[in-house]
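Q: Just to be clear, the model below is a prediction. Sequence and coordinates:
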Amino acid sequence: MKRAIYPGSFDPVTFGHIDMIERSAKMVDELVVAILINSAKNPLFSVEERVSMLEEISGHIPNIRITSFNGLLIDYAREVDASVIVRGLRAVTDFEYELQIAQTNRIINSQIDTVFLTTSLEYAYLSSTIVKEVASYGGDISHFVPERLIDRIYAKYS
Ligand code: ADP
């Protein structure tokens, strides 16, 4: 059984993440989407809220599991028996950081490889930070996140 793990903050999940989830789920038997619990990042949404948003938007994908984790990703990947870590690459700025993390992880555990998917062009600009920035000014976020999540995001700023 080939299992991949797709880690991130997903604060909140965007069309860019959903595209990554749909594409990577097709490549493996099971995709574990793992929310990093990192209170230092001061997230807008609680882990529970992020789990339920991810569950709602991935209902159409049968081979997916939504989880959260504390600590080192590479240790959690081993715990869930994943052989692949999936990450998305948007711009050159993502690359340098991601390369360093991927190489570090391979030194810690050479059984687990990192695979990068390049962003779909229509989402190349998109990040959770952009969504929060626009929402905080009451701007239109319908191009960035699924309709059903929009009110929940605005509610954080009202
Ligand atoms: P992190 O804080 O770990 O970067 P994010 O939730 O911002 O968490 O992103 C999780 C993963 O999704 C990362 O690999 C990131 O590069 C990827 N990602 C985010 N937005 C996009 C996008 N628009 N297109 C492709 N990949 C993306």
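A: The structure has been received and is ready for your questions.
Q: C-alpha only now, for contacts and for neighbours.
A: Noted.
Q: List, one by one, the residues from this structure near the ligand.
A: 7-10, 16-17, 20, 87-90, 119, 123-124, 126-128 (C-alpha under 6 Å from any ligand atom).
Q: Could you pull out the helices in this protein for me?
A: Taking DSSP state H as the test, the helices found in the chain are 15-25, 47-57, 73-79, 92-108, 128-136, 147-155.
Q: pLDDT weak spots in this structure?
A: For the chain, not a single residue meets the criterion pLDDT under 70.
Q: do that again at 90, thanks
A: Within the chain, the segments meeting pLDDT under 90 span 38-41, 91-94, 158.
Q: CA atoms only: put stretch 80-100 into PDB for me.
A: C-alpha atoms of stretch 80-100 as PDB (Å, rounded to 0.1, in the frame of the first residue of the first chain):
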ATOM      1  CA  VAL A  80       1.400   6.800   9.800                       C
ATOM      2  CA  ASP A  81       3.600   4.600   7.600                       C
ATOM      3  CA  ALA A  82       3.900   7.000   4.700                       C
ATOM      4  CA  SER A  83       6.700   6.500   2.300                       C
ATOM      5  CA  VAL A  84       6.200   9.900   0.500                       C
ATOM      6  CA  ILE A  85       5.900  13.500   1.700                       C
ATOM      7  CA  VAL A  86       4.000  15.700  -0.800                       C
ATOM      8  CA  ARG A  87       4.800  19.400  -1.000                       C
ATOM      9  CA  GLY A  88       3.700  22.100  -3.500                       C
ATOM     10  CA  LEU A  89       6.000  24.500  -5.200                       C
ATOM     11  CA  ARG A  90       4.700  27.800  -6.300                       C
ATOM     12  CA  ALA A  91       7.700  30.100  -6.800                       C
ATOM     13  CA  VAL A  92      11.400  30.100  -6.500                       C
ATOM     14  CA  THR A  93      11.000  31.400  -3.000                       C
ATOM     15  CA  ASP A  94       9.300  28.100  -2.000                       C
ATOM     16  CA  PHE A  95      12.100  26.100  -3.600                       C
ATOM     17  CA  GLU A  96      15.100  27.100  -1.400                       C
ATOM     18  CA  TYR A  97      13.300  26.500   1.800                       C
ATOM     19  CA  GLU A  98      11.600  23.300   0.700                       C
ATOM     20  CA  LEU A  99      14.900  21.900  -0.700                       C
ATOM     21  CA  GLN A 100      16.500  22.400   2.700                       C
END
